[in-house]
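> give me a model of this one.
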Amino acid sequence: MADLVAAIDQGTTSTRCILFDRGGNAVDSHQLEHDQILPRAGWVEHDPLQIWQRTETVVEHAMAAAGVSASDLASVGITNQRETTVVWDRRTGQPYHNAIVWQDTRTASLVAELERSGRGDLIRDRAGIPPATYFAGGKLAWLLSEVEGLREAAEAGDALFGTIDTWLLWQLTGGVDGGRHLTDVTNASRTMLMNLTDLAWDPDLLELFDIPAQLLPQIVPSSHAEAFGTTKAAFGGEVPIGGVLGDQHAAMVGQVCLEKGEVKNTYGTGNFLLMNTGTEIVRSANGLLSTVCYQFGDQPARYALEGSIAVTGSAIQWLRDQLGIVTSADDADRLASTVPDTDGLYFVPAFSGLFAPYWRPDARGVIVGMARFHTAAHLAKATLEAICYQSYDVVKAMEADAGVTMTSLKVDGGVTKSNQTMQFQADILGLDVICPVVPETTALGAAYAAGLAVGVWETPDDFRTNWQEGRRWRPTIDDDTRTAGVTAWHKAVDRTLGWVEH
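Next comes the predicted model:
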């Protein structure tokens, strides 16, 4: 039996394909960025066709680098930026509009009206999440309202909706020639349209957003031997598609957070802290989300509490692309290391409002505590520290909801390459921060889900055997220093609130 598994990891800024062996080791990979389209302040879009083209390219290059063909692959897994919304013509494969990205805030007025009218409570009760610009349901409602002819096409059954997993799966399984229109439970749980209890599209929520049911993909488990079909494109032959998971849920699997109470934090475009709550749906009283963690085959779904932070790694990208003061993430890290601290400068990158635990779409980014003394190096350091302060707020909310005090935190994602950022995270949390040998666990989790479906791994216990600690950071500051930093951070957060009026 072939024992390599391919993972397609389609993220907010790039797409990559990584081939993994049975030991969870990356054999070869390829990665390409795609365009960030910013039509106006607060709007963020992607070109779905460009994403699909980049997907085909990274698959081809990764397989060529490894010297393998479709027959060498046991399965394919997909993981994706979650709430990003695409609607396309089933007959032509052409999108009706650019994909609206999860960071986009154009639905703020819709969200505010839902709260004013009291209908937000229905969304919280059924979907486990608050009404927010973050989620896909509002984006889909906006497209149906604003794109000429789309509603008519949707009602006629000619239009298809999906998050990026659905878009890629449809293309991989044939596109206009019989492509499968599916999503998994984790991605469906990010739409404000799925009932978290019965894992099905909720008729009352569809009515609330005025969404025709025929637009929607079928919901299936995250790992399944038959549900997703086989590849007809990109891989040069037929390979079973065994697993689909939203990126943060995939990272939970990759970090082997499979038992109730296990926690991980992923540092990517945004930060996402999840705690496995087992088969129980835990309702947050502190600004966190209740979401599906994963579902393997016919087993009951596992749930999670999640703290979602909109802007962390993308703030470093902002330093590069909008300000031009660094050329790369490594350059930002180097620049920040030239000063011992921020000397009172704080940066709250609320570009898309504030997500967990505040949920304030009216917030916008601020830089406070500036003096003429400050330099680009201080801003770079404040950017890295903002990543850690935002995670601090979510950790404290999660501890309050779960009634536990964490003793360590598993971390993964690109920002974990920054030693000073991870050391500051350990310092400001006052606990050990642990990164595995394979830090890019999102792709690994997708591979695990795909391989589990076809027998590459017999049970999820096999994943735990593969996990190895790579690096550990321990706290080095005292409580008074930590308290002073957090207090100043919260003063800075207060300055962001109420900036935008809808």
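> where in this protein is pLDDT low?
Residues of the chain meeting the criterion pLDDT under 70: 1, 502.
> helices or strands up against the helix ranked longest in it?
Counting by DSSP state H, the longest helix found in the chain is helix 376-402. Contact partners of helix 376-402 among helices and strands, from 3 or more C-beta pairs under 8 Å, 6 or more residues apart in numbering; DSSP states H and E: strand 263-267, strand 271-278, strand 302-309, helix 313-318, helix 329-336, strand 346-348, helix 419-429, helix 479-496. (C-beta placed from N, C-alpha, C; glycine too.)
> so which of the ones you listed gets nearest Arg472?
Of all the helices and strands packed on helix 376-402, helix 419-429 sits nearest to Arg472, with 8.6 Å by C-beta to C-beta.
> how many neighbours does Asp198 have?
Residues lying near Asp198 (other C-beta atoms under 10 Å) number 9.
> reformat the helices and strands packed on helix 376-402 as JSON lines; add distance to Asp210 and mean neighbour count.
Output for these, formatted as JSON lines (distance: least, C-beta to C-beta, whole Å; neighbours: other C-beta atoms under 10 Å):
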{"stretch": "strand 263-267", "distance to Asp210": "34", "mean neighbour count": "26"}
{"stretch": "strand 271-278", "distance to Asp210": "30", "mean neighbour count": "24"}
{"stretch": "strand 302-309", "distance to Asp210": "26", "mean neighbour count": "26"}
{"stretch": "helix 313-318", "distance to Asp210": "31", "mean neighbour count": "22"}
{"stretch": "helix 329-336", "distance to Asp210": "42", "mean neighbour count": "19"}
{"stretch": "strand 346-348", "distance to Asp210": "35", "mean neighbour count": "24"}
{"stretch": "helix 419-429", "distance to Asp210": "43", "mean neighbour count": "21"}
{"stretch": "helix 479-496", "distance to Asp210": "32", "mean neighbour count": "15"}
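> please convert these to JSON lines, extending it with distance to Asp362.
Compiled in JSON lines, the helices and strands packed on helix 376-402 are given as follows (distance: least, C-beta to C-beta, whole Å):
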{"stretch": "strand 263-267", "distance to Asp362": "26"}
{"stretch": "strand 271-278", "distance to Asp362": "21"}
{"stretch": "strand 302-309", "distance to Asp362": "17"}
{"stretch": "helix 313-318", "distance to Asp362": "19"}
{"stretch": "helix 329-336", "distance to Asp362": "28"}
{"stretch": "strand 346-348", "distance to Asp362": "13"}
{"stretch": "helix 419-429", "distance to Asp362": "26"}
{"stretch": "helix 479-496", "distance to Asp362": "9"}
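> how near is Thr342 to Ser391?
Going from Thr342 to Ser391 by C-beta to C-beta, to the nearest Å gives 17 Å.
> what is the neighbour count of the residue nearest to Phe135 when sequence neighbours are not counted?
Once flanking residues are discounted, Phe135 sits nearest to Met192: 4.6 Å by C-beta to C-beta, 6 or more residues apart in numbering. Neighbourhood size, Met192 [other C-beta under 10 Å]: 31.
> and Leu289, bridged to which residues?
Glu306 (DSSP bridges).
> I'd assumed Ala426 was in contact with Pro475.
Yes - Pro475 lies in contact with Ala426 (C-beta atoms under 8 Å); the separation is 5.0 Å.
> which neighbours do those two share?
Asp432 (C-beta atoms under 8 Å, 6 or more residues apart in numbering).
> follow-up on the earlier one: who's in contact with the residue nearest to Phe135?
Ile123, Ala127, Ile129, Pro131, Phe135, Ala136, Gly137, Gly138, Leu205, Phe209.
> reformat these as a markdown table; add neighbour count, secondary structure and distance to Ser69.
Listed next are these as a markdown table, based on neighbours: other C-beta atoms under 10 Å; DSSP: H, G, I helix; E, B strand; the rest coil; distance: C-beta to C-beta, whole Å:
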| residue | neighbour count | secondary structure | distance to Ser69 |
| --- | --- | --- | --- |
| Ile123 | 26 | helix | 46 |
| Ala127 | 25 | helix | 42 |
| Ile129 | 25 | coil | 42 |
| Pro131 | 26 | coil | 47 |
| Phe135 | 26 | coil | 40 |
| Ala136 | 23 | helix | 36 |
| Gly137 | 27 | helix | 41 |
| Gly138 | 27 | helix | 43 |
| Leu205 | 20 | helix | 44 |
| Phe209 | 19 | helix | 44 |
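> residues of the longest helix of the chain that come out buried?
376-398, 401-402 (16 or more other C-beta atoms under 10 Å).
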